[in-house]
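*Asks:* build me a model:
(chains A and B)
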Amino acid sequence: MASTACFMIVSKNDIPIYEAEVGTVPKKEDAAHQHQFILHAALDIVQDMAWTTSAMFLKAIDRFNDLVVSVYVSAGHILSLFSVYLMLCMSLSGNT
Amino acid sequence: MIGVGKMKQYANVLDRPLSKGKQEVSLSAFAFLFSELVQYNQTQVDNIAELERRLEDAGYAVGARVLELLCHREKGNRRETRLLGILSFIHSTVWKVLFGKVADSLEKGTEHEDEYMISEKELLVNRFISIPKDMGAFNCGAFVAGIVKGVLDNAGFPAVVTAHFVPVDGQQRPRTTILIKFAEEVLRREARLG
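*Replies:* Now for the predicted structure:
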C-alpha cells in the first residue's frame, strides 16, 4: 500500500503554503524537521528542472537516504512536493 | 430504455473532467463593471500614472488566475517554458477565452531584443470608453496590460508591460499596442536553454 511521508505546497516565491504528514508511516519525533529540511533542499533542483521540461509532474528528482522527493509543478510555478519512502517507490515503478 | 443516453457516472469526483464553465458573459455587464472600476479608482488617485498602476494591479490578479485555469482547461496540463511559447499562449488562448477572438498581431521589436508587441485594432475594454483631452496619453488598456503582466510574471517571465495608442492612417480611432519588455533574466535563461 502506497503511503507518502510528507507533502508540502510551496508558492512561487518559496513560501510554504501547506504542509502535511500523510500516510501510515510510523511517526518519529525529529521526522517533521527532517522532512522540511529535505524538501527545502530539493527546491533548488526543482526550480532548475522545471525549465527543462513542459511536463507538470516531475518524478523522483531528489533522494535523501531512503526518501525520494517528487514534485508537481503548476502553471504558475506553485510546487507540490512530496517525499516517499524508497521501498514503496521501487515496488510501484519497477525501477528507481 | 435502461440507462440509454445517461451521462457517464464517475465514481470519484476527481475523475470528472473539468467543466468548461460559462463561455459567455454579457458585454454590457462587463462594460458597466469596468467603467465603475475606472471611476472608483479615479476618485482615489490624483494623477494618471497612479490610475494606470491601479488598473494594472487589478489586471494582474486576473492574469495570475487565468494562467492556472487555462493551463488546466485548454492546454491539457502542459506548462510553457519558452518565451515564444508563452507569448503565443497569451496571443491566442488567453485572448480567445477573455475576448472571444485571438489578438490581431504579435510582433517582435526591432530596436531591442527584449521587446514584443501585441496589437489590437480596438481593445474590448476600451470600446465604450472615451478619454478626455486633458488626460493625455492615458489608456484603459492598462487593465489588459496588467492581465498580460500577471500571466507572464507567474509563468516565470518577469516583464514590464504597458499599453499604448498608436495612430493609424485611415482609421479614426488609434490602434492599441501592448508593449512587453522582458527582464534580463528571461533573456539569459532563453539563451541558456538554446
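
*Asks:* who in chain B is up against chain A?
*Replies:* Contact residues (Cβ under 8 Å from any Cβ of the partner chain) of chain B with chain A: B:64, B:67-68, B:70-72, B:77-81, B:85, B:154-156, B:189, B:193. No exception for glycine: its C-beta is placed from N, CA and C like everyone else's.

*Asks:* list the ones among those that fall in helices.
*Replies:* Secondary structure assignment by DSSP state H places B:Ala64, B:Leu67, B:Glu68, B:Leu70, B:Cys71, B:His72, B:Gly85, B:Asn154, B:Ala155, B:Arg189, B:Leu193 of these in helices.

*Asks:* give me the buried subset of the residues of chain B next to chain A.
*Replies:* For these, a burial check counting by 16 or more other Cβ atoms under 10 Å in any protein chain shown picks out B:Ala64, B:Leu67, B:Glu68, B:Leu70, B:Cys71, B:Arg79, B:Glu80, B:Thr81, B:Asn154, B:Ala155, B:Gly156, B:Arg189.

*Asks:* now for these: which two are most distant?
*Replies:* B:Leu70 and B:Arg189 (22.6 Å; Cβ to Cβ).

*Asks:* pull the helix or strand with minimum mean pLDDT from chain A.
*Replies:* None of the helices or strands of chain A scores lower by mean pLDDT, DSSP states H and E than helix A:86-93, at a mean of 57.

*Asks:* quick one: list the elements packing against the strand or helix carrying A:Asp48.
*Replies:* Assigned by DSSP states H and E, A:Asp48 belongs to helix A:31-49. Judged by 3 or more Cβ pairs under 8 Å, 6 or more residues apart in numbering or on different chains; DSSP states H and E, helix A:31-49 is in contact with strand A:4-10, strand A:16-21, strand A:57-64, strand A:67-73, strand A:79-85.

*Asks:* partner strands of the fourth one, parallel or antiparallel?
*Replies:* When pairing is defined by DSSP bridges, strand A:67-73 lines up against strand A:57-64 (antiparallel), strand A:79-85 (antiparallel).

*Asks:* now it: buried residues?
*Replies:* Residues of strand A:67-73 classed as buried: A:Leu67, A:Val68, A:Val69, A:Ser70, A:Val71, A:Tyr72, A:Val73 (neighbour count, 16+ other Cβ under 10 Å).

*Asks:* what's the pLDDT at the fifth one?
*Replies:* The confidence metric pLDDT takes the value 91 at A:Val71.

*Asks:* so where's the chain shaky on pLDDT?
*Replies:* No chain specified, so I'll use chain A. Counting by pLDDT under 70, chain A contains low-confidence ranges at A:1-4, A:24-32, A:87-96.

*Asks:* was after chain B, sorry
*Replies:* Residues of chain B meeting the criterion pLDDT under 70: B:1-10.

*Asks:* which residues in it form strands?
*Replies:* Secondary structure of chain B (DSSP state E): strands at B:105-108, B:115-120, B:159-166, B:175-182.
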